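> Turn this into a model:
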Amino acid sequence: MTAVDPVPARVRKAEGPDRQAIVDLVIAAFGPVEGPEVVRLIADLEVDASAQPILSLVATVADRVSGHVLFSRASVETGDRELSAAILAPLAVHPEFQNAGIGGQLVMAGLRQLAATGMDLVFVLGHPDYYPRFGFAEAGVRGFDAPYPIAAKNAGAWMVLPLRPGIPGTVRVRVRCAEALNDPRYWRE
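This next block holds a predicted model:
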């Protein structure tokens, strides 16, 4: 696929029978070295009470799972209140469908569903040239520190998207993630 070949996909909540297809997809997308670690992260998040509720979505093309995204619970305490938040991680698209809009369809569907639940913020540690197209902006300069320090050269990779107006960003706060994500190896870009 090329960037000029958008592929319409059906995006839906992941279900039990999708498990093996998601594993195969993640291995194909991340490769044989990083893929198994990402598969373990997904499995750990699915059973981690501190990650709940999670939103796990798949994109299918011709009934084949071609993409997957997971949003897990996070929180932000601003001193006067706690904001509801989610962390987008991981996002995987099968190599045959990369650059065809599948990832974007998954991200947008997830953001719509989270906004409908009243979620305040969504965070991502990802490519700073990709996620701004969805409205994400650098989180650190807005007062939201990642659960683990991000190297200054990669500060732009830690991003936030407010899902409703009036979210504070003028105080310095640390985002709390699910226990399964609370490991420094997941916080390098």
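> show me what contacts Gly101?
Counting by CB atoms under 8 Å, 6 or more residues apart in numbering, Gly101 touches Pro6, Val7, Ala9. In this view, the C-beta of every residue, glycine as well, is placed from N, C-alpha and C.
> what about 6 Å?
Pro6 (CB atoms under 6 Å, 6 or more residues apart in numbering).
> try Ala14
Taking CB under 6 Å, 6+ apart, one finds Ser56, Val58 in contact with Ala14.
> pretty sure Gly103 contacts Val93?
Yes. Gly103 lies in contact with Val93 (CB atoms under 6 Å); the separation is 4.8 Å.
> Quick check: neighbours shared by the two?
By CB under 6 Å, 6+ apart, no residue touches both Gly103 and Val93.
> could you check the distance from Ser66 over to Ala152?
As judged by CB to CB, to the nearest Å, Ser66 and Ala152 stand 36 Å apart.
> Look up how far Arg64 lies from Asp183.
Applying CB to CB, the value for Asp183 to Arg64 is 32 Å.
> likewise Leu163?
Taking CB to CB, one finds Leu163 at 30 Å from Arg64.
> For the protein, give the helix that spans the most residues.
In the chain, ranked by residue count with DSSP state H as the criterion, the top helix is helix 19-47.
> Student question: in this protein, what's the helix or strand with minimum average pLDDT?
Least confident helix or strand of the chain, by mean pLDDT, DSSP states H and E, is strand 173-176 with a mean of 86.
> ok, which stretches of the protein are helices?
Going by DSSP H, the chain shows helices at 19-47, 102-116.
> want to throw those into a markdown table with mean neighbour count, distance to Asp80 and mean pLDDT?
Listed next are these as a markdown table, based on neighbours: other CB atoms under 10 Å; distance: least, CB to CB, whole Å; pLDDT from 0 to 100:
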| stretch | mean neighbour count | distance to Asp80 | mean pLDDT |
| --- | --- | --- | --- |
| helix 19-47 | 16 | 29 | 97 |
| helix 102-116 | 19 | 23 | 97 |
